[in-house]
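Engineer: I'd like to go over a predicted model; first the sequence, then the structure.
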Amino acid sequence: MSVGADKGRSLADRLADAFHKLTWRTPLHTMRLNGRFPLKLIAVPDDPVMGDVPRGLALLAGRITYRGETRSLDTFDPAQADWGTPFAAYWHSFAWLRDLSSVATRDQGSPIAERLMAQWLAVHADKVEGPAWAPDLWGRRILYWTAHAPLILSSDDLVYRSRVLDTLARGARHLDRGADKAAPGADRIAAWCGVVAAGLLIPGGEPRLAFGEAGLARAIGSGLLDDGGSVSRSPAMLLDTMMLLATLRAAYEARGIALPEPVMAAMARAMPALLGSLHGDQMLSSWQGGGPATAEHVAAVIRATGIRTRPLRQSRDWGYQRLAAGSTVLIVDAAPPPVARVVTGGCASTLAFEFSDGPVRLVVNCGGAREAHAAMPAELLEGLRSTAAHSTLTLGDSNSTAIHADGTLGRGVAQVELSRQESEAASRIEASHDGYVRRWGFLHRRQLMLTGDGRELRGEDALLPAGRKRRADMTEFALRFHLGRGVEVSPTADGQAALLRLPGGAMWQFRCRGGTLGIEDSVWMDGEGRPIEIQQLVVGGEAAAGGAHISWVLKRAL
């Protein structure tokens, strides 16, 4: 670490680091492992989060399945690694132990778990390379191995048991050196959670615990924003972070030790931000490549945290504005995309919104670029990151923030202006972004007003001349409203309106001025990463040099 970087750390951090080096990277470390502290677990935490029942039942039936990929346990060969990235993360993290333990007794589950463990060890235990040794996956693996130790350590084979525990200790040492190499956010927090869990649960871990707690505090500081949101600006990743911290807390509880105050404070700060991203169906809104997850998983994580609080309604750093009235919820992205150097796979979604009526999603974003089924083509996944995959305005068939061929984000939205007013009669959000100024010479301004009873959402999207660039020709625009699953559309004869029938019978009317209304096919990624066919309303037109204004209204008719 550079001298400059060290100056930015607290005295406690530097002392913990020095103490760790003295005790874990010297002959004393070897002596502890070889004799004074035999390899074992001091305690076995209870996993506080319920696993996925269908995936657990599949394991009992002889299949390991995740995000559209399935492998028979009879023919499963981990050395082949012929799978996609989501399946690989599921396999290497051992998250499947949680799913298995949710449906199986120890007697039922341990033969399956130990068989898969032995296969993993045979391929990866002695080769410190590849995805299997990524720091975030090792952090998760330590959490799952320790919480589900009865499933993987029931065997009477002492050689096998010793190999499991020795690999666990080796993985912890690997994390000691490399936890900070994980990407900021949930991945780095996962890595440091593994260090802390190892310090709590492997004998002689006091120096590692102090070192790990300092590292975890830094990871939380770089991974969570001041208002509790994730630096990725992804609700799915924030949910993952809360799951990790809740699982780590169980390790502290198993030792009878209180969770450090900085971790508790971070969880308390993050929960309102997480709740603020939920719709009436109690699932996540779809932002920055994440999908809605499942109501069961979201509820399980929230229960595991033990935190009860209200949703965050407005945030500058996290960037999402929430309005709730009557049975409706409106969530608006009012910030630039995440910084490219902090997170990969960001989306050009500025000023998009989602809107729900009770448990039904009326307007959505396509979502799911990070969590889609394996069969999804790569080009479609990239398309899910585009501005057109979000319920907002696109200009010149381009993105408000450029998405480069290598997947990184380029120039585009740098500044978002925001104002918000609330009253009993109605609440209003007005925001603008500069993502189209450099290339097209227009500022995009969006105004949204939700009535106090939640039965009417009025909007205006304006293209305002800005910057040095002036176009003499006309510029095409498209204002998109991706509709929720099961919403049926019936256009009116005048071509300016449509009736929207929601599952359950509610009826909404959409009407617009300033463009031509069309209905097109679209896709929405559900909580399991599956593509669902939906429709979208598209208001198209052309902007002259002086700009354009499109007004529209969504009104509950029944």
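Structural biologist: Received, thanks.
Engineer: where does residue 258 land on pLDDT?
Structural biologist: With respect to pLDDT, residue 258 scores 96.
Engineer: What of residue 339?
Structural biologist: Reported pLDDT for residue 339: 85.
Engineer: mind listing the helices for the stretch 101-250 of the chain?
Structural biologist: 106-124, 135-147, 149-152, 158-178, 186-201, 206-223, 235-255 (DSSP state H, counting those that start in this stretch).
Engineer: just checking, which of these sits deepest inside the structure?
Structural biologist: helix 186-201 (a mean of 29; mean count of other Cβ atoms under 10 Å). (Each C-beta comes from the backbone N, C-alpha and C, glycine too.)
Engineer: Output the contacting helices and strands for that one.
Structural biologist: helix 135-147, helix 158-178, helix 206-223, helix 235-255 (3 or more Cβ pairs under 8 Å, 6 or more residues apart in numbering; DSSP states H and E).
Engineer: Can you add mean pLDDT and distance to residue 360 and give these back as a markdown table?
Structural biologist: Shown next, in a markdown table, are the helices and strands packed on helix 186-201 (pLDDT from 0 to 100; distance: least, Cβ to Cβ, whole Å):
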| stretch | mean pLDDT | distance to residue 360 |
| --- | --- | --- |
| helix 135-147 | 98 | 34 |
| helix 158-178 | 96 | 44 |
| helix 206-223 | 97 | 33 |
| helix 235-255 | 98 | 19 |
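Engineer: and the longest strand for the chain?
Structural biologist: Criterion DSSP state E: the longest strand present in the chain is strand 531-543.
Engineer: Following element in sequence after it, please.
Structural biologist: strand 548-556 (DSSP states H and E).
Engineer: Can you give me the buried ones in that next one?
Structural biologist: Buried residues in strand 548-556, counted by 16 or more other Cβ atoms under 10 Å: 548, 550, 551, 552, 553, 554, 556.
Engineer: pretty sure the last one contacts residue 355?
Structural biologist: Think residue 556. No. In this structure, residue 556 is not within contact of residue 355 by Cβ atoms under 8 Å, at 11.3 Å.
Engineer: which secondary element of this structure has the worst mean pLDDT?
Structural biologist: Across the helices and strands of the chain, mean confidence by mean pLDDT, DSSP states H and E is lowest for helix 27-31: a mean of 38.
Engineer: buried set for the helix or strand following it?
Structural biologist: As assigned by DSSP H and E, the chain's next helix or strand after helix 27-31 is helix 53-60. By 16+ other Cβ under 10 Å, the buried positions in helix 53-60 come out as 55, 56, 57, 58, 59.
Engineer: in the stretch 401-550 of the chain, which spans are strands?
Structural biologist: Counting by DSSP state E, counting those that start in this stretch, the segments of the stretch 401-550 of the chain that form strands are 416-422, 426-433, 442-451, 456-465, 475-483, 488-491, 497-501, 507-513, 516-525, 531-543, 548-556.
Engineer: Select, out of those, the one closest to residue 215.
Structural biologist: Closest to residue 215 of the strands of the stretch 401-550 of the chain is strand 416-422 (Cβ to Cβ; 33.0 Å).
Engineer: tell me the angle of the closest one relative to strand 442-451?
Structural biologist: 20 degrees (axes from the mean of the first three to the mean of the last three Cα atoms, to 10 degrees).
Engineer: How far away from the center of its chain is strand 416-422?
Structural biologist: 26 Å (Cα atoms, centre = their mean, to the nearest Å).
Engineer: List the strands paired with that strand, with their directions.
Structural biologist: strand 426-433 (antiparallel) (DSSP bridges).
Engineer: before we move on, back to that, figure out which of the helices of the stretch 101-250 of the chain is closest to residue 68.
Structural biologist: Closest among the helices of the stretch 101-250 of the chain, using Cβ to Cβ: helix 235-255, at 17.3 Å.
Engineer: Run through the neighbouring helices and strands of that closest one.
Structural biologist: Helix 235-255 packs on helix 135-147, helix 186-201, helix 261-276, helix 295-305, going by 3+ Cβ pairs under 8 Å, 6+ apart.
Engineer: neighbouring contacts of the last one?
Structural biologist: Contacting residues not belonging to helix 295-305 are listed as 48-50, 52, 239, 242-243, 245-247, 267, 271, 274-275, 278, 281-284, 527 [Cβ atoms under 8 Å, 6 or more residues apart in numbering].
Engineer: Can you list the buried residues in it?
Structural biologist: Under the neighbour-count criterion of 16+ other Cβ under 10 Å, helix 295-305 has 297, 298, 300, 301, 302, 304, 305 buried.
Engineer: list the contacts for the spatially closest residue to the last one that is not a sequence neighbour?
Structural biologist: Nearest residue to residue 305, sequence neighbours excluded (Cβ to Cβ, 6 or more residues apart in numbering): residue 246, at 4.9 Å. For residue 246, the contacting residues are 48, 49, 267, 301, 304, 305, 306, by Cβ under 8 Å, 6+ apart.
Engineer: Just the closest of the residues you listed to residue 497, please.
Structural biologist: residue 301 (40.7 Å).
Engineer: quick one: the closest residue to that closest one other than its chain neighbours from residue 300, how far?
Structural biologist: If the residues on either side of it in the chain are set aside, residue 301 comes closest to residue 243, at 4.8 Å by Cβ to Cβ, 6+ apart. Taking Cβ to Cβ, to the nearest Å as the measure, residue 243 falls 8 Å from residue 300.
Engineer: Then residue 148?
Structural biologist: In terms of Cβ to Cβ, residue 148 sits 16 Å off from residue 300.
Engineer: wait, what's in contact with residue 146?
Structural biologist: Residues near residue 146 by Cβ under 8 Å, 6+ apart: 41, 44, 45, 168, 197, 201, 251.
Engineer: Residue 307 too?
Structural biologist: Counted by Cβ under 8 Å, 6+ apart, residue 307 has contacts 267, 268, 271.
Engineer: returning to what we had before: nearest to residue 312 among the strands of the stretch 401-550 of the chain would be which one?
Structural biologist: The nearest among those, by Cβ to Cβ, is strand 416-422 at 13.2 Å.
Engineer: mind showing which ranges of this protein have poor pLDDT?
Structural biologist: 1-38, 341 (pLDDT under 70).
Engineer: Start and end of stretch 493-509, how far apart?
Structural biologist: 14 Å (Cα to Cα, to the nearest Å).
Engineer: do stretch 333-353 as well
Structural biologist: 6 Å.
Engineer: how about the helices of the stretch 301-450 of the chain, start to end?
Structural biologist: 378-383, 437-440.
Engineer: possible to save the ones you listed as JSON lines with mean neighbour count?
Structural biologist: Formatted as JSON lines, the helices of the stretch 301-450 of the chain follow (neighbours: other Cβ atoms under 10 Å):
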{"stretch": "helix 378-383", "mean neighbour count": "13"}
{"stretch": "helix 437-440", "mean neighbour count": "19"}
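Engineer: Could you dump these into TSV with distance to residue 110 added?
Structural biologist: Conversion of those to TSV gives the following (distance: least, Cβ to Cβ, whole Å):
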stretch	distance to residue 110
helix 378-383	37
helix 437-440	59
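Engineer: So for residue 535, which of those sits nearest?
Structural biologist: Comparing the helices of the stretch 301-450 of the chain by Cβ to Cβ, helix 378-383 comes nearest, at 16.7 Å.
Engineer: Alpha carbons only: can I get that closest one in PDB?
Structural biologist: Once non-C-alpha atoms are left out, helix 378-383 reads as follows in PDB (Å, rounded to 0.1, in the frame of the first residue of the first chain):
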ATOM      1  CA  ALA A 378     -25.300 -11.800 -25.600                       C
ATOM      2  CA  GLU A 379     -26.500  -9.100 -27.900                       C
ATOM      3  CA  LEU A 380     -29.900  -9.100 -26.200                       C
ATOM      4  CA  LEU A 381     -28.300  -8.800 -22.800                       C
ATOM      5  CA  GLU A 382     -26.400  -5.700 -24.000                       C
ATOM      6  CA  GLY A 383     -29.700  -4.300 -25.400                       C
END
